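> pasting a predicted model and its sequence here:
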Amino acid sequence: MSNIKDTQVHAGPASSQTGSTQKPRVRGLVGKGLLAAVAAAAATTVVAALAKAAGVVFEIPDGGETIPLSGIAFVTGVFSVVGVVIAATLLRWSANPAKRFVQAAVALTAISLIPPFISGATTATSFALVGLHLVAAAVMIPTLNRSLPS
């Protein structure tokens, strides 16, 4: 018996080390991620509708346009799918995809909280938009994180 440890370096994507289990894992991640994207879009739409009922006007002063509920659902869905793509990419290329995904998702969420405050919208609108970003993040980040190996 040898006491030599295997210190061989594996080059290439992380998927080359996991073999055929990678495709089902990606499919599962994408499936759960897309369901979470639908849930996030629904949740943000409900929260936005409640905010509107409470008197928040989702109007951005630059163009004077009001953001419709369908627009909120659409944008949430699109950026949620971007999160799924990031998670799938990290699953393929990262040695520690769950940790890297949470780092990236938290950083991107934090960045997304800035525009509502610099858009010139009212305070109520800005805080409502921030709340919507946090609702979407609260749905997407844990769902995708649980679907990634640590």
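Structure's in. What do you need?

> find the centremost residue of this structure, please.
G83 (3.9 Å; Cα atoms, centre = their mean).

> quick check: which element contains that residue?
Using DSSP states H and E, G83 sits within helix 69-93.

> start and end of stretch 54-66, how far apart?
One end of stretch 54-66 sits 16 Å from the other (Cα to Cα, to the nearest Å).

> give me the contact list for that stretch.
Stretch 54-66 is contacted by residues 48, 51-52, 67, 72, 119-122, 124-125, 128-129 when judged by Cβ atoms under 8 Å, 6 or more residues apart in numbering. (C-beta placed from N, C-alpha, C; glycine too.)

> hmm, try it at 7 Å
Identification of contacts with stretch 54-66 by Cβ atoms under 7 Å, 6 or more residues apart in numbering yields 48, 52, 67, 119-121, 124-125, 128.

> next one: stretch 23-43
Contacts for stretch 23-43 (Cβ under 7 Å, 6+ apart): 73, 76-77, 80-81, 84, 87-88, 91, 135-136, 139-140, 143-144, 147-148.

> swap in stretch 72-81?
Applying Cβ under 7 Å, 6+ apart, the contact partners of stretch 72-81 are 36-37, 40-41, 44-45, 48, 132, 136, 140.

> got it, and stretch 103-123?
By Cβ under 7 Å, 6+ apart, stretch 103-123 touches 59-62, 83, 86, 126, 129-130, 133, 137, 141.

> just the ones in strands from the residues you listed, please.
The strands, defined by DSSP state E, take in 59-60 from the contacts of stretch 103-123.

> so among the contacts of stretch 103-123, where is pLDDT lowest?
Among the contacts of stretch 103-123, D62 has the lowest pLDDT, at 73.

> neighbours around that one, how many?
Counted with other Cβ atoms under 10 Å, residues neighbouring D62 total 9.

> quickly note the distance from V75 to A39.
Distance of V75 to A39, given as Cβ to Cβ, to the nearest Å: 15 Å.

> next one: V47
12 Å.

> hmm, back to that, what's the ChimeraX line that selects buried ones from the contacts of stretch 23-43?
Buried subset of the contacts of stretch 23-43, written as a ChimeraX selection, criterion 16 or more other Cβ atoms under 10 Å:
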select :73,76,77,80,81,84,87,88,91,135,136,139,140,143,144,147,148
